[in-house]
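Trainee: I need the structure of the sequence given here:
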Amino acid sequence: MSALVTTALTIALTAAGGAPAADQAKPAATPVATATTAPAAPPAAAPPPPAAPSLPPPIVKATAPRAGALREPAPRPATDVRVQSRFAVKAKTVQIYAAAEYLSRGDFYNSPGARAGATYYPLEPLGLELQVSHYWSSLNAEAERVKSTLGALPDSHAPAWLLLAGGRYSIGYGKLMIGGLGGAVHFEPQAFVHAGMHVHDGDVGPSGDAGLGLLVYLMPKLFVRLDAAIVYEREDRTGGTVNVWGTLPSLGVGGTL
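Mentor: Alright, predicted model coming up:
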């Protein structure tokens, strides 16, 4: 009977939303960690960002210039003046000069002389020239001995006048520093050729010369000129017409107009 009553009360309490007293008084079970349970691991730190990969330096291949290709010119140094202007200009000018010279032909005569001339330069290196020479000729020592012993004279004609015209070309231009002069010497090596005529003691015939010269500037309009020439003359003598060769050095001074 009492069991039946207890069962009825339990059903009534359950229906009313309650719990049996025994169940309410019983504490909730707490889970018990076993000794084998490992403690929780701390959260893993975020890995650092990967470093940027280092790239090797670029490789530049030297390429040889192609055949015929123009190379890049070397840079010029910064300067105000690189080339000195020409010391003296000859183009479109006239040079006049006088010179002392000596004609040697192996003809038993001593023939010192004087020359006067003028050169017009239509171009800087090229000049057109006209010159006249006069000689004071006299028998040399050997001819005087023959004259005194045999009373004979050489059949060659004593040089007197030489008229030549031709051209003169400047091969180059240079300057030279000489100690003690206080400056540079400016000069031009030249080549020349002339043709004309001679008048020697009554004989008239063709003449010509060719040689090398050196034009040295003392100032822009004052110069000294040294020439060395080989002379050709065709002369009438006792045995007939002969070709005569000789040398003709000269030293002169002049100016530019």
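Trainee: Quick one: neighbours of Leu218, just the number.
Mentor: A count of neighbours around Leu218, defined by other Cβ atoms under 10 Å, yields 12. C-betas here are computed from N, CA, C, even on glycine.
Trainee: for it, helix, strand, or coil?
Mentor: Secondary structure, DSSP: H, G, I helix; E, B strand; the rest coil: Leu218 is strand.
Trainee: Need the nearest residue in space to it, chain neighbours excluded.
Mentor: Val224 (6.3 Å; Cβ to Cβ, 6 or more residues apart in numbering).
Trainee: for Tyr102, same thing?
Mentor: Pro112 is the one closest to Tyr102 (Cβ to Cβ, 6+ apart), at 5.3 Å.
Trainee: packing partners for the helix or strand where the one you found lies?
Mentor: Taking DSSP states H and E as the criterion, Pro112 maps to strand 109-121. Helices and strands touching strand 109-121, by 3 or more Cβ pairs under 8 Å, 6 or more residues apart in numbering; DSSP states H and E, are strand 93-103, strand 126-135, strand 138-139.
Trainee: any idea of the mean pLDDT for the longest one?
Mentor: I take that to be strand 93-103. The pLDDT scores in strand 93-103 average 97.
Trainee: Same question for stretch 186-200.
Mentor: pLDDT averaged over stretch 186-200 gives 95.
Trainee: What residues of that stretch count as buried?
Mentor: Buried residues in stretch 186-200, counting neighbours by 16 or more other Cβ atoms under 10 Å, are found at His186, Phe187, Glu188, Gln190, Phe192, His194, Gly196, Met197, His198, Val199, His200.
Trainee: now these as TSV including secondary structure?
Mentor: Shown next, in TSV, are those (three-state DSSP):
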residue	secondary structure
His186	strand
Phe187	strand
Glu188	strand
Gln190	strand
Phe192	strand
His194	strand
Gly196	strand
Met197	strand
His198	strand
Val199	strand
His200	strand
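Trainee: nearest to Ala165, of the helices and strands packed on strand 109-121?
Mentor: With respect to Ala165, and counting by Cβ to Cβ, the nearest of those is strand 126-135 at 4.9 Å.
Trainee: my read: the residue nearest to Tyr102 touches Ala100, true?
Mentor: Yes. Under the criterion of Cβ atoms under 8 Å, Pro112 makes contact with Ala100 at 7.4 Å.
Trainee: returning to what we had before: point out the other helices and strands that the helix or strand harbouring the residue nearest to Leu218 packs with.
Mentor: Taking DSSP H and E as the definition, Val224 sits inside strand 222-237. Using 3+ Cβ pairs under 8 Å, 6+ apart, the elements in contact with strand 222-237 are strand 93-103, strand 184-200, strand 203-219, strand 240-256.
Trainee: relative to strand 126-135, how tilted is that strand?
Mentor: Inter-element angle recorded for strand 222-237 and strand 126-135: 60 degrees (by axes from the mean of the first three to the mean of the last three Cα atoms, to 10 degrees).
Trainee: can you start the count at 207 instead of 1 from here on
Mentor: Okay, residue one is now 207; in that scheme the one you just asked about reads as strand 428-443.
Trainee: any idea how far the closest residue to Tyr423 other than its chain neighbours lies from Gly461?
Mentor: For Tyr423, ignoring the flanking residues on the chain, the nearest one in space by Cβ to Cβ, 6+ apart is His392 at 4.4 Å. Applying Cβ to Cβ, to the nearest Å, the value for His392 to Gly461 is 15 Å.
Trainee: what's the answer for Leu334, then?
Mentor: Taken as Cβ to Cβ, the span from Leu334 to Gly461 is 18 Å.
Trainee: related to what we said a few turns ago, wait, the residue nearest to Tyr423 sits on Ser376?
Mentor: No. If you go by Cβ under 8 Å, His392 and Ser376 don't touch, sitting 11.9 Å apart.
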